[in-house]
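1. kindly return the folded structure for what I paste below:
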Amino acid sequence: MPTEVCPPQGAWVSSCSPADGRLDEVVDLAQPDGLERFDEAWLRLATRMGLFAEDGAFLLAVTLDPDNEYSVWTPVRLAERWNVSGRKPGTISGPIGSGGLLTASVDGEVIISGTTWQDGTASALGVPHPYRAGPIRRYVQMLLDEGELPSSTEDGVRSWLGRG
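-> Predicted coordinates for the structure are as follows:
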């Protein structure tokens, strides 16, 4: 895994604005094919923003240890048949506001999240060069300053912040 990628817990994509380069794809989940449309919107945004490496790889934030609140970046590739929404209500982020899908390019140049909103929509939100986005930088710096990141990631996070 690359060492210079925003820590998953610091990827505040929804706090960024268009001035930070944020791009949004919004889908109405009330439509009969709302989850399929979300998958299409995520893929469109991921392709447009350059999420995928040449071999199709990207990073997915997953929690591997139920006793550890920290997600880690896990390298993945889309299979021939795939979906990021799970095709089940709530799969994108569970209860409203509880988090959601979080992906990053292997080189750390793009972060794309997926979340649901209280109005019944879901969004794929992307930020290029997240190390330059003010809300993300400030939050990651605060996590670092307060010792909220796993110590094994601190050097990589400092290096990532230095890219900005």
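2. and the helices in the chain?
-> 34-49, 134-145, 154-162 (DSSP state H).
3. deepest of those, which one?
-> helix 34-49 (a mean of 18; mean count of other CB atoms under 10 Å). The C-beta positions use only the backbone N, C-alpha and C, and glycine is treated the same way.
4. what about the most centrally placed residue in the chain, distance to residue 13?
-> Centrality entry for the chain: nearest residue to the mean C-alpha point is residue 102, 2.6 Å, by CA atoms, centre = their mean. The gap separating residue 102 from residue 13 is 8 Å, by CB to CB, to the nearest Å.
5. let's have the helices of the chain in JSON lines, adding distance to residue 22 and mean pLDDT.
-> Below are the helices of the chain laid out as JSON lines (distance: least, CB to CB, whole Å; pLDDT from 0 to 100):
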{"stretch": "helix 34-49", "distance to residue 22": "10", "mean pLDDT": "91"}
{"stretch": "helix 134-145", "distance to residue 22": "10", "mean pLDDT": "93"}
{"stretch": "helix 154-162", "distance to residue 22": "19", "mean pLDDT": "89"}
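6. could you dump those to CSV with distance to residue 116?
-> Shown next, in CSV, are these (distance: least, CB to CB, whole Å):
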stretch, distance to residue 116
helix 34-49, 9
helix 134-145, 20
helix 154-162, 28
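7. closest one to residue 122 among the ones you listed?
-> helix 34-49 (4.8 Å; CB to CB).
8. ok so, going back, shared neighbours of residue 102 and residue 13, which are they?
-> Contact criterion CB atoms under 8 Å, 6 or more residues apart in numbering; residues shared by residue 102 and residue 13: 111, 112, 113.
9. now, which of the residues you listed sits nearest residue 54?
-> Nearest member of the shared contacts of residue 102 and residue 13 to residue 54, counting by CB to CB, is residue 112, at 17.9 Å.
10. surely the closest one is in contact with residue 13?
-> Yes: contact status for residue 112 versus residue 13: in contact at 7.3 Å, counting by CB atoms under 8 Å.
11. anything in contact with each of those two?
-> In contact with both residue 112 and residue 13: 102, 125, 126, 127, using CB under 8 Å, 6+ apart.
12. which of these fall within strands?
-> If you go by DSSP state E, the shared contacts of residue 112 and residue 13 have 102, 125, 126, 127 in strands.
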